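*Asks:* Provided below for reference: sequence and predicted model.
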Amino acid sequence: MTKTQKRRRKEMKTDYKARFALLKSEKPRLVVRKTAHQIIAQVVESSIAQDKVIVSVNSKELLKKGWPKEKEGSLKSIQASYLAGFLLGKKVQGKINSAILDIGLHENIHGSRIYAVLKGAIDAGLNVAHKKDALPTDERMSSNKILYDIMKKVKEKL
């Protein structure tokens, strides 16, 4: 007799084994998702069978914070990812002190945009367990000089 797969697993939306491991920790989760145009970061608390979003940040919010409108296509860049994480860390201050990273079904690639969000959240004061070598290096962050200069200016405003 074969086991029937759950619907969300068939749709490639949920890894139940990884989700169960994250839920067992009973810590809030720093959930990072990338789309074709933006980065979404949330701090989520779980209780029994429900998830509650504490704080949510979308990289499109950077347009209101000083990111140039003509660079709207780069809202998924590593610099914009870092700023989204930094903004999330600033918004969550006083509500949550620590969290664990939840990357969902995205690939675990060290130095990627997901880890740039993590680096931004850590720089803003959120305590998240991580390995130093997983975070993007300063060379990678400054590889695009134009976006790096924009990132520094927007970060000062935050």
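*Replies:* Arrived safely, thanks for sending. Here the structure is a predicted model, which means the values were calculated and not measured.
*Asks:* would you list every one of the helices in the chain?
*Replies:* Assigned by DSSP state H, the helices in the chain fall at 7-10, 16-24, 78-92, 113-123, 138-141, 145-157.
*Asks:* which one of these lies closest to residue 132?
*Replies:* helix 113-123 (10.1 Å; C-beta to C-beta). C-beta here means a position set from N, CA and C on the backbone, and glycine is covered the same way.
*Asks:* who touches the most centrally placed residue in the chain in this structure?
*Replies:* Of all residues in the chain, the one closest to the mean position by C-alpha atoms, centre = their mean is residue 32, 3.4 Å from it. Listed by C-beta atoms under 8 Å, 6 or more residues apart in numbering, the contact set of residue 32 reads 39, 40, 41, 85, 101, 102, 103, 104, 106, 114, 117, 118.
*Asks:* now do the last one, the pLDDT please.
*Replies:* So the one you mean is residue 118. Note on residue 118: pLDDT of 95.
*Asks:* tell me, how many residues neighbour it?
*Replies:* 27 (other C-beta atoms under 10 Å).
*Asks:* most neighbours of all the contacts of residue 32, which one?
*Replies:* That'd be residue 117 among these, by other C-beta under 10 Å, with 33 neighbours.
*Asks:* quick one on the thing from earlier: turn the helices of the chain into CSV, including distance to residue 62.
*Replies:* Below are the helices of the chain laid out as CSV (distance: least, C-beta to C-beta, whole Å):
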stretch, distance to residue 62
helix 7-10, 30
helix 16-24, 27
helix 78-92, 6
helix 113-123, 11
helix 138-141, 16
helix 145-157, 6
